[in-house]
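# Fold the stuff below for me.
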Amino acid sequence: MDFLESDEFLSVIIPVTVYWVYAGLYEMLGNLDKYRLHSKKDEETKNLVPKREVIKGVLLQQAIQAAIALTLFKAVGNNDDVINNRSSSSSSNTTYTVAIALQFLIAMLVHDTWQYFVHRYMHVNKFLYRNFHSWHHRLVAPYAYAAQYNHPIDGILTETLAGALAFYVSGMSAKTSIFFFTFATIKGIDDHCGIVLPWNPLHVLFHNNTAYHEIHHQLVGSKCNFAQPFFVTWDKIMGTYVGYKIERREGGGYEARMVKDARE
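Below you'll find the predicted structure:
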């Protein structure tokens, strides 16, 4: 099979393509001020890095991730044999679907676990925060295409390794990983978009959503809501969970406010 048509290549290039397309859609929706958690003016005045530099940083991050992912695929191979063995022993498509769903769930849990503890340590360790993770928190008012704006070292430790572990521990094939990493990419963008659309299914299915992560990016929220991108489980287990409520913002739109008692 030609490399450019291989599942390994597609698992790298499709999530990157989806990133810019989906983020672009949110940029257009950003004109709907009544759904924004912060104003466009906040993006210009509160953020400490210009959007041009954010785009450059994201492209660098994606290039590094792509190089690492393709190198790992070549060195270790993918898990097609594991998947094929499962599917060949299945008596029905339902069994195969359940197996894929289980791989997705395992991958999500592994991904969340790695990201929670590394992300939290990036905040706790002053050297790591000052030199690496603070790049991401230059975005006090995050927006869609800034979701993957990180220092390259932070990106490798927090995101690339999380994805690699999720892939290998779950046993998914390269073909299945196309869908998993695309979904994870969409979820990461959604968490940073700063827009609460009433018909967004991700806000219904996941409590770890745009408003939840908005709290973390606020100056008062740097020691809470570390979990990303799927569940809030580790925040609740480790006592770093802080709830939120969405209120109307003066001048139009909404704002996410911290609620220390999750029952409120």
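# My understanding was that Pro152 contacts Ile64; is that so?
Yes. Here Pro152 reaches Ile64: they are 5.6 Å apart, a contact under C-beta atoms under 8 Å. Any C-beta I mention is one placed from the backbone N, CA and C, and that applies to glycine too.
# centre of the chain versus the top helix by length along the chain, how much separation?
Counting by DSSP state H, the longest helix found in the chain is helix 93-124. Chain-centre distance of helix 93-124: 12 Å, with C-alpha atoms, centre = their mean, to the nearest Å.
# cool, and stretch 19-39?
The offset between the C-alpha centroid of stretch 19-39 and the centroid of the whole chain comes to 17 Å, using C-alpha atoms, centre = their mean.
# Using PDB, write out every CA atom in that stretch.
This file holds the C-alpha atoms of stretch 19-39, laid out as PDB (Å, rounded to 0.1, in the frame of the first residue of the first chain):
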ATOM      1  CA  TYR A  19      -8.300  20.700  13.500                       C
ATOM      2  CA  TRP A  20      -8.100  23.600  11.100                       C
ATOM      3  CA  VAL A  21     -11.400  23.000   9.500                       C
ATOM      4  CA  TYR A  22     -13.300  22.600  12.800                       C
ATOM      5  CA  ALA A  23     -11.500  25.600  14.400                       C
ATOM      6  CA  GLY A  24     -12.300  27.600  11.300                       C
ATOM      7  CA  LEU A  25     -16.000  26.900  11.800                       C
ATOM      8  CA  TYR A  26     -15.800  28.100  15.400                       C
ATOM      9  CA  GLU A  27     -14.000  31.300  14.200                       C
ATOM     10  CA  MET A  28     -17.000  32.000  12.000                       C
ATOM     11  CA  LEU A  29     -19.400  31.200  14.800                       C
ATOM     12  CA  GLY A  30     -17.400  33.600  17.000                       C
ATOM     13  CA  ASN A  31     -19.400  36.400  15.400                       C
ATOM     14  CA  LEU A  32     -22.400  35.200  17.300                       C
ATOM     15  CA  ASP A  33     -21.600  37.300  20.400                       C
ATOM     16  CA  LYS A  34     -24.600  36.100  22.300                       C
ATOM     17  CA  TYR A  35     -23.000  32.600  22.700                       C
ATOM     18  CA  ARG A  36     -19.500  33.700  23.700                       C
ATOM     19  CA  LEU A  37     -18.000  33.200  27.100                       C
ATOM     20  CA  HIS A  38     -15.700  36.200  26.600                       C
ATOM     21  CA  SER A  39     -15.700  39.000  24.100                       C
END
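# Could you pull out the buried residues of it?
19-20, 22-23, 26, 30, 35-39 (16 or more other C-beta atoms under 10 Å).
# show me where pLDDT drops low in this structure?
Low-confidence segments of the chain, defined by pLDDT under 70, span residues 1-5, 30, 76-92, 261-264.
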